[in-house]
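1. quick one: sequence plus predicted model below, questions after.
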Amino acid sequence: MKYPFLLGTALAVSVPAMADEADDTIVVTATRTETPRSQIGQSVSVVTRADIERTQAAAATEVLARLPGISTVQSGGFGQPSSVFIRGAENAQSLVLIDGVRINDPGDVGGGFDFGALTIGQFDRVEVVRGSSGVLWGSRAIGGVVNFITARPTDQWTARGQAEYGWRDRRQVGASAAGKLGPVGLTLGGQWLKGDGYSAFDERRGAAEKDGFESRSANARAEAELTQGLSVDAGGFWTRANYDYDDTGADALNLGLKRDVLGYANLRYSGLDDRLSARVGYGLNDTRRVSDHAVFGPYETNGRTERVEGQVSFAPVEMASILLGAETERQKFDDNFGSKDSTSIDSYFGNLTLHPLEGLTLNGGLRYDDHEDFGHRTTFAANGAWVIGSGEDAPVLRASYGEGFKAPSLYQLYTNGGFRALDPETSKGWDAGVEQPFAEGTGRFTITYFDRRTRNLIDYDLASYNYYNVGRARAQGVELGMQVTNWNGFDVNLAYTYLDAVNQRTGTRLARRPKSNLHASLDKAWDIGLKLGADLRVGGGRYDDTANGNYVDGHLVVGLRGAFAVTGNVEVYGRVENLFDEHYEVVRTYGTPGRSAYAGVRVKM
């Protein structure tokens with residue numbers, strides 16, 4: 001690992017401290033209100049539309065894998081089961097949002113979200129909060145929160161479109177538009193992706209049958225101001241993916257389907273010179289999953305979540321503000337074998353923000369959850385950010401502590417052979433780090449240490465065919481991150497994570513979590529409209545099972561990309577992934593793509 005680390009260090013010190021001033025990014029997910037990044041005590045990453053287009057990413061996991069503290073695994077190609085581990089937490093221990101609405105699947109084994117069929121083209125921004133966010137976001141936010149955000153309408157109409165073609169007949173088309181029709185702001189978008197794919201079972205182990213896929217998605221949003229300070233907005237997101245899959249260590253003619261429907265509506269108020277804001281909202285998430293096995297036939301699950309929530313934020317004086325909120329949620333689950341169950345949870349939370357000194361922000365919050373099956377639980381969180389000095393290059397110190405709990409999923413409870421005596425998973429975690437801006441605000445270097453302890457982890461016993469609580473796990477490590485945005489045409493990204501994630505009862509490492517993970521990229525843009533870039537991804541070795549009996553070696557993958565602006569509104573682009581045709585696996589016996597090339601065109605108006 002010393003060579004990738006030296007490369008990242010070289011990138012970090014090679015950028016001179018000269019650039020235009022960058023704005024203090026406004027973040028919503030970390031605090032549930034619009035907050036400057038310099039006032040957030042938790043570890044946060046923001047991916048913009050420009051980042052997505054520059055890297056030419058197609059899948060959501062391709063964007064997330066570039067961030068510190070995150071590792072991704074996928075059992076084959078597009079559509080296959082895919083997990084995102086934030087600081088070593090289980091995939092189901094992180095909350096996933098679209099436009100602030102929960103999309104975790106009640107029909108999933110752990111109540112998580114399968115990222116395998118989620119494309120990134122329809123989103124304008126991604127915010128990721130690392131570390132327990134249970135006080136503000138509730139159950140399932142032990143590891144962190146990922147929020148995919150679509151574009152917001154502006155006074156002037158804007159539109160963009162994209163078409164791409166590449167390896168194994170993969171085709172992609174997407175378009176979106178946003179603007180106003182009279183007093184109503186509208187956002188509309190759609191995405192289509194289809195390809196022959198590659199075998200989910202590793203082709204280098206003898207697989208010959210390709211596992212194709214097709215994905216379609218659409219999003220819409222409308223908003224209007226009813227009167228001064230009072231507005232309403234509503235929207236939705238729909239996606240459906242069909243794919244082939246293997247699950248037997250050999251080629252198989254299995255078929256899969258994933259369908260997600262999400263809808264929401266909000267009534268918002270802002271007054272008292274923006275010192276008071278309030279929101280009442282409704283959210284609905286409906287999912288359907290079908291695994292049609294060639295031998296055993298289809299297994300179908302349906303999940304549904306409905307939420308009603310409200311929150312009020314008030315700043316009585318300049319140095320203090322308080323956020324109060326309440327939520328009620330009901331989940332339902334059923335399958336085609338007669339399983340059917342539901343549960344509900346009522347929650348109340350509060351957060352106090354103080355600015356006792358110039359540059360210092362302190363947050364403290366409490367949450368009370370009353371679960372229908374598991375009683376009540378109170379959790380606590382606190383964090384702070386301190387900008388030391390003034391100017392664009394002033395360092396920011398951050399520290400946070402957070403508690404959380406995750407109730408067993410409906411799937412785990414109802415399919416558990418009549419054994420329902422499961423305890424909720426609980427966690428306590430903290431982190432501390434420093435962010436050093438450079439290049440007059442266009443560059444940021446961060447280093448963060450984190451430590452999280454989780455109790456009552458839920459696992460499956462193949463001998464008794466039951467889920468059970470297995471004791472304790474600990475995940476600790478270090479995150480390094482560096483970003484440079486548009487310094488004399490240069491963009492640099494570095495994300496390195498060292499992770500020590502172990503089951504404290506057995507002493508074994510948690511499955512599929514690499515000890516080290518690095519992603520680095522360098523891009524250069526010229527005034528003539530030419531852009532060139534390169535990626536380096538180094539994944540460490542990992543165990544593929546909880547007993548640590550099957551080890552998967554690490555890998556090193558290189559990619560190249562380029563783009564050229566034909567006009568001010570039209571850009572052609574192309575890339576080569578896995579340039580040296582690296583043979584590797586991330587999940588044992590499951591395939592990864594070899595050398596592949598793609599080309600496309602973007603149009604903006």
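-> Here it is on my side, so go on.
2. okay, now the unreliable bits of this structure?
-> Per-residue confidence for the chain (pLDDT under 70) gives these ranges: 1-24, 416-420, 461-464.
3. let's go with 50 and repeat that
-> 1-23, 418 (pLDDT under 50).
4. report the central residue of it.
-> residue 146 (3.6 Å; CA atoms, centre = their mean).
5. correct me if wrong: it contacts residue 64.
-> Yes - look at residue 146 against residue 64 with CB atoms under 8 Å: they come within range, at 7.0 Å. To be clear about C-beta, it is placed using only N, CA and C from the backbone, and glycine gets the same treatment.
6. what is in contact with the two at once?
-> Counting by CB atoms under 8 Å, 6 or more residues apart in numbering, the contacts common to residue 146 and residue 64 are 84, 126, 128.
7. so of these, which ones are in strands?
-> Members of these lying in strands (criterion: DSSP state E): 84, 126, 128.
8. quick one: distance of the strand or helix carrying residue 305 to the chain centre.
-> Per DSSP states H and E, residue 305 falls inside strand 297-317. Mean-position distance between strand 297-317 and its chain equals 17 Å (CA atoms, centre = their mean, to the nearest Å).
9. direction included, what does that strand pair against?
-> Strand 297-317 sits in its sheet next to strand 276-293 (antiparallel), strand 320-335 (antiparallel), going by DSSP bridges.
10. in the stretch 401-550 of the chain, what residue spans correspond to helices?
-> 410-414 (DSSP state H, counting those that start in this stretch).
11. before we move on, the earlier item: for the shared contacts of residue 146 and residue 64, pick the one with the most neighbours.
-> Using other CB atoms under 10 Å as the neighbour criterion, residue 84 leads these with 27 neighbours.
12. and that one, how far from residue 94?
-> Going from residue 84 to residue 94 by CB to CB, to the nearest Å gives 7 Å.
13. between the two, what contacts are shared?
-> Common neighbours of residue 84 and residue 94, counting by CB under 8 Å, 6+ apart, are residue 146.
14. in the strand holding residue 305, what's buried?
-> 301, 302, 303, 304, 305, 307, 309, 311, 313, 315 (16 or more other CB atoms under 10 Å).
15. residues in contact with the third one?
-> Going back to what we said before, that points to residue 303. Applying CB under 8 Å, 6+ apart, we find residue 303 in contact with 105, 106, 107, 108, 285, 286, 287, 331, 332, 333, 410.
16. not counting sequence-adjacent ones, nearest residue to the fifth one?
-> The shortest distance from residue 285 to any residue other than its chain neighbours is 4.5 Å, reached at residue 305 (CB to CB, 6 or more residues apart in numbering).
17. ok, the one you found touching residue 330?
-> Yes - with contacts counted by CB under 8 Å, residue 305 reaches residue 330, the gap being 7.3 Å.
18. give me the distance between residue 357 and residue 397.
-> Per CB to CB, residue 357 is found 13 Å from residue 397.
19. out of those two, which sits in the busier spot?
-> Remark: of residue 357 and residue 397, residue 397 carries more neighbours, 16 against 11, as counted by other CB under 10 Å.
20. who are the contact partners of that one?
-> Residue 397 makes contact with 385, 386, 388, 432, 433, 434 under the criterion CB under 8 Å, 6+ apart.
21. how about those residues in TSV, adding neighbour count and distance to residue 186?
-> Converted to TSV, the contacts of residue 397 look like this (neighbours: other CB atoms under 10 Å; distance: CB to CB, whole Å):
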residue	neighbour count	distance to residue 186
385	23	36
386	19	41
388	11	44
432	16	44
433	21	40
434	15	42
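22. residue 279: which of these is nearest?
-> residue 385 (24.2 Å; CB to CB).
23. for the closest one, what are phi and psi?
-> Torsion angles at residue 385 (phi, psi; degrees, to the nearest 10) stand at phi -130, psi 140.
24. same check on residue 138?
-> The phi and psi values for residue 138, taken as degrees, to the nearest 10, are phi 80, psi -160.
25. do residue 204 as well
-> phi -80, psi -10.
26. distance of the residue lying closest to it once chain neighbours are set aside from residue 595?
-> Leaving aside its sequence neighbours, residue 204 sits nearest to residue 583 (CB to CB, 6+ apart; 5.5 Å). In this view, residue 583 and residue 595 are 11 Å apart by CB to CB.
27. phi, psi for the nearest residue to residue 471 once chain neighbours are set aside please.
-> Nearest residue to residue 471, sequence neighbours excluded (CB to CB, 6+ apart): residue 505, at 3.6 Å. Here is the backbone geometry of residue 505 (degrees, to the nearest 10): phi -80, psi -40.
28. picking that back up, got CSV for the contacts of residue 303, with neighbour count too?
-> Below are the contacts of residue 303 laid out as CSV (neighbours: other CB atoms under 10 Å):
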residue, neighbour count
105, 30
106, 25
107, 22
108, 22
285, 24
286, 18
287, 23
331, 24
332, 18
333, 26
410, 24
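29. I'd like these as a markdown table, with distance to residue 134 appended.
-> Compiled in a markdown table, these are given as follows (distance: CB to CB, whole Å):
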| residue | distance to residue 134 |
| --- | --- |
| 105 | 19 |
| 106 | 18 |
| 107 | 23 |
| 108 | 19 |
| 285 | 19 |
| 286 | 25 |
| 287 | 23 |
| 331 | 17 |
| 332 | 23 |
| 333 | 22 |
| 410 | 19 |
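30. name the nearest of those residues relative to residue 207.
-> residue 108 (26.8 Å).
31. and the closest one, what does it touch?
-> Going by CB under 8 Å, 6+ apart, residue 108 touches 92, 114, 289, 301, 303, 409, 411.
32. what about residue 338, distance to residue 411?
-> 14 Å.
33. who's more crowded, those two?
-> Neighbours were counted for residue 338 and for residue 411 using other CB under 10 Å; residue 411 has more, 22 against 7.
34. quick one, phi psi at the nearest residue to the more buried one once chain neighbours are set aside?
-> Among residues not flanking residue 411 along the chain, residue 109 sits closest, at 5.2 Å (CB to CB, 6+ apart). Main-chain torsions, residue 109, degrees, to the nearest 10: phi -50, psi -50.
35. now the shared contacts of residue 146 and residue 64 as JSON lines including distance to residue 440?
-> Output for the shared contacts of residue 146 and residue 64, formatted as JSON lines (distance: CB to CB, whole Å):
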{"residue": "84", "distance to residue 440": "34"}
{"residue": "126", "distance to residue 440": "26"}
{"residue": "128", "distance to residue 440": "26"}
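36. list the helices and strands the strand or helix carrying residue 266 packs on?
-> Residue 266 is part of strand 254-271, with elements assigned from DSSP H and E. Judged by 3 or more CB pairs under 8 Å, 6 or more residues apart in numbering; DSSP states H and E, strand 254-271 is in contact with strand 230-245, strand 276-293.
37. residue 489: which of those strands is closest?
-> Comparing these by CB to CB, strand 230-245 comes nearest, at 35.0 Å.
38. the residue nearest to residue 204: neighbour count?
-> Residue 583 has 13 nearby residues by other CB under 10 Å.
39. which SS class is it?
-> Under DSSP: H, G, I helix; E, B strand; the rest coil, residue 583 falls in the coil class.
40. go ahead and confirm residue 68 touches residue 445.
-> No - contact between residue 68 and residue 445 fails when scored by CB under 8 Å: they sit 11.1 Å apart.
41. pick out whichever of these two has more residues nearby.
-> Set residue 68 next to residue 445 and count neighbours by other CB under 10 Å: residue 68 wins out with 25 against 18.
42. which ones are touching that one?
-> 43, 45, 130, 446, 448, 479, 480, 481, 495, 496, 497.
43. the strands in the stretch 51-200 of the chain, which residues?
-> Taking DSSP state E, counting those that start in this stretch as the test, the strands found in the stretch 51-200 of the chain are 70-74, 82-86, 94-98, 101-102, 125-130, 144-149, 158-166, 170-181, 184-195.
44. now these in TSV, with distance to residue 27?
-> Formatted as TSV, these follow (distance: least, CB to CB, whole Å):
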stretch	distance to residue 27
strand 70-74	17
strand 82-86	16
strand 94-98	13
strand 101-102	17
strand 125-130	6
strand 144-149	9
strand 158-166	23
strand 170-181	21
strand 184-195	20
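45. thank you, goodbye.
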